[in-house]
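Enquirer: here is a sequence with its predicted model. Questions after.
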Amino acid sequence: MNLNTKLFRKCIVSLSLMVAVVIATMGLSINVFADDSYAVPTENSVNWTIKANTSKTGTEQLYLCEGDILQYNVSFTPTSGSNVKFGLITPSGTFRYVPLSSGTCLASFSITEDGLHKIRISNTSNISIKVNGTYFTGWHYMFHDNALSKITEGFPTYADGTKHNGVDILGQEFGDIANKPVYGVSSGTVVNNAYSSTAGNYVRILLNSGYYVRYLHLNSLASVSTKQNVTYNTLIGYVGRTGSAYPKPHQNDYCKNSTACQASWYCDKCGYHLHFDVKNPNDVYVQPLDFFPQISFT
């Protein structure tokens with residue numbers, strides 16, 4: 001490190017301290033994220049007793065991004081005379097909720113703000129209640145048509161020790177996923193929009209949560225550009241079969257089940273699928289299906 005770089009960094013640090021002092025003097029607070037770590041989308045248990053006319057807020061700080069999903073799957077007793085609000089506290093302090101008295105809550109929230117969230121359950125009845133179940137966090141599904149969810153390769157390790165580091169998603173009917181639009185799963189920044197002989201046309205995105213996701217075998221170069229900011233509602237591209245999308249065992253078997261073609265290498269519909277994979281902030285491939293609790297894959 002040269003002298004000029006050292007002086008520049010000292011100036012930045014000094015300026016930051018001055019700003020902090022000014023803000024503190026004005027009575028404002030500063031939230032510091034020391035290690036830039038984020039909550040992993042996951043399943044959490046709820047086993048709470050909530051007294052009459054009180055609320056309970058979870059201790060977990062969930063870093064969620066616009067378009068992510070929070071889903072409740074809980075039950076509560078007693079139901080007679082109960083009125084309960086299930087929701088979450090947003091970074092801006094808003095309590096988003098759904099009110100229920102039926103004894104069960106199976107509800108999903110699409111996150112509208114980036115930042116730290118906490119779950120909250122408010123018991124607005126005159127009796128204590130017991131709540132049991134789970135809540136999930138996850139990302140928005142990349143297909144806005146949830147029916148396109150048939151998985152033929154679900155993150156396996158093959159007999160020879162090699163791994164399939166993602167999932168392959170096809171339509172429920174043979175070939176109906178061809179050229180379908182795919183969207184972002186959360187907020188982030190495009191890192192790569194390129195072509196390779198194996199991945200075909202692909203996109204790699206760094207999400208605000210620190211995870212990397214890839215979309216492979218798109219029918220053409222993606223609709224997004226490098227360094228572009230994307231959200232769950234951004235069109236990424238269209239499903240194709242570029243690169244080494246076929247012939248492959250899992251594609252050939254699927255193709256042979258159809259009378260629409262005789263052989264995979266000249267079948268008009270065979271090979272169309274989306275390979276989707278996920279790396280965590282430690283650069284390790286992880287199971288993509290864990291990030292979509294709101295979708296039932298079959």
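Expert: Structure received. Bear in mind the structure is a predicted one, so any value in this text is a computation, not a measurement.

Enquirer: which element is residue 276 on?
Expert: Residue 276 is part of strand 274-279, with elements assigned from DSSP states H and E.

Enquirer: for that strand, give the mean pLDDT please.
Expert: Per-residue pLDDT values over strand 274-279 give a mean of 93.

Enquirer: partner strands of it, parallel or antiparallel?
Expert: Within its sheet, strand 274-279 is paired with strand 166-170 (antiparallel), strand 212-218 (antiparallel), strand 285-286 (antiparallel), according to DSSP bridges.

Enquirer: so which of the ones you listed is nearest residue 43?
Expert: strand 285-286 (14.4 Å; CB to CB). Any C-beta I mention is one placed from the backbone N, CA and C, and that applies to glycine too.

Enquirer: rewinding a little: output the strand holding residue 276 as CSV, nothing but the C-alphas.
Expert: C-alpha atoms of strand 274-279 as CSV (Å, rounded to 0.1, in the frame of the first residue of the first chain):
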residue,chain,number,x,y,z
LEU,A,274,-34.0,-24.1,-17.1
HIS,A,275,-31.0,-25.1,-15.1
PHE,A,276,-31.0,-23.0,-11.9
ASP,A,277,-28.2,-23.1,-9.3
VAL,A,278,-27.3,-21.2,-6.1
LYS,A,279,-24.0,-20.5,-4.4
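
Enquirer: and the strands in the stretch 1-150 of the chain, which stretches?
Expert: Taking DSSP state E, counting those that start in this stretch, the strands of the stretch 1-150 of the chain run over residues 43-50, 54-57, 62-64, 69-77, 84-89, 95-100, 104-110, 115-123, 129-138, 150-154.

Enquirer: the fifth one pairs with which strands, parallel or anti?
Expert: Based on DSSP bridges, the strands next to strand 84-89 in the sheet, each with its direction, are strand 95-100 (antiparallel), strand 115-123 (antiparallel).

Enquirer: low-confidence ranges, the stretch 101-250 of the chain, go.
Expert: 146-149, 152-153, 156, 158-159, 173-174, 246-250 (pLDDT under 70).

Enquirer: related to what we said a few turns ago, show me the contact partners of the strand holding residue 276.
Expert: 142, 165-169, 177, 182, 199, 211-218, 239, 245, 285-288, 291 (CB atoms under 8 Å, 6 or more residues apart in numbering).

Enquirer: most tightly packed of the strands paired with strand 84-89?
Expert: strand 115-123 (a mean of 20; mean count of other CB atoms under 10 Å).

Enquirer: tilt between that one and strand 129-138?
Expert: 160 degrees (axes from the mean of the first three to the mean of the last three CA atoms, to 10 degrees).

Enquirer: tell me, how many residues neighbour residue 211?
Expert: 21 (other CB atoms under 10 Å).

Enquirer: confirm for me that it is in contact with residue 282.
Expert: No. Between residue 211 and residue 282 there is no contact under CB atoms under 8 Å: 10.2 Å.

Enquirer: anything in contact with each of those two?
Expert: With CB under 8 Å, 6+ apart, residue 211 and residue 282 have no common neighbours.

Enquirer: center of this protein, which residue is that?
Expert: With distances taken as CA atoms, centre = their mean, the residue of the chain nearest its centroid is residue 139 (2.1 Å).

Enquirer: now do the contacts for it.
Expert: 41, 67, 68, 69, 185, 186, 232, 291, 292 are the contacts of residue 139 under CB under 8 Å, 6+ apart.

Enquirer: let me have those in a markdown table, extended by neighbour count and distance to residue 123.
Expert: Converted to a markdown table, those look like this (neighbours: other CB atoms under 10 Å; distance: CB to CB, whole Å):
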| residue | neighbour count | distance to residue 123 |
| --- | --- | --- |
| 41 | 23 | 27 |
| 67 | 23 | 30 |
| 68 | 27 | 26 |
| 69 | 24 | 24 |
| 185 | 30 | 34 |
| 186 | 26 | 32 |
| 232 | 22 | 32 |
| 291 | 27 | 31 |
| 292 | 22 | 30 |
